[in-house]
Every structure is written in C-alpha cells, then in structure tokens.
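Chemist: mind looking at a prediction? Sequence and model below.
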Amino acid sequence: MQVTFHSAKTNLSKLIEAAKVGEEVVIAKGKTPVAGIVAIPQNKFTIGLLKDKITGDGPDFFEPMGEDELALWEGEA
C-alpha cells in the first residue's frame, strides 16, 4: 500500500498495524516513494522451550539446607 505524507500522519496507527501483519507500507511525496514502514520482529517467549532437552537431576530447592550451607547463607561461616 502506498500513502501520502498527510494520510500517513492521519492514519499512522493503522499503517503500523498493517505493517505488523506483513503488508508493505510505503509513504510517498506526491507519487514518489520516499519511506517505508516495516515491523520489527518480536521474539515470543515459549513456555517449555527446553522441555525434554535438559537431562540429569538438578538441585532440589525444596529440600532443607544442611547446617554448613545454612551457616554460609546466613554469613556465619
């Protein structure tokens, strides 16, 4: 889609949404294209991305600390 400066100023939010869904947005001065609006790819966080890829047992954070670990944690060692 090609729009004029005036139209771009008036409809900027709509043009940004159009670019986000992959539409080519060109801003023209008269009939001469001078700029474009492109969406910046957004990284999406995926829950469970590493599921079944990490092996082995890690520390059990719900188990009580030993006396030595607890003393270190509390700054008494």
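Modeler: Received the coordinates, thanks.
Chemist: top helix in the protein by residue count?
Modeler: Taking DSSP state H as the criterion, the chain has its longest helix at helix 12-20.
Chemist: would you indicate which residues of that helix are buried?
Modeler: By 16 or more other Cβ atoms under 10 Å, the buried positions in helix 12-20 come out as 15, 18, 19. Every residue, glycine included, has its C-beta placed from N, CA and C.
Chemist: from the contact counts, what lies against that helix?
Modeler: Here helix 12-20 touches strand 25-29, strand 32-37, going by 3 or more Cβ pairs under 8 Å, 6 or more residues apart in numbering; DSSP states H and E.
Chemist: repeat the analysis, applying 6 Å as the threshold.
Modeler: The helices and strands touching helix 12-20, judged by 3 or more Cβ pairs under 6 Å, 6 or more residues apart in numbering; DSSP states H and E, are strand 25-29.
Chemist: determine the set of other helices and strands touching the strand it packs on.
Modeler: So strand 25-29, by 3+ Cβ pairs under 6 Å, 6+ apart, packs with strand 2-4, helix 12-20, strand 32-37.
Chemist: at 8 Å what do you get?
Modeler: Strand 25-29 is packed against strand 2-4, helix 5-10, helix 12-20, strand 32-37, with contacts defined by 3+ Cβ pairs under 8 Å, 6+ apart.
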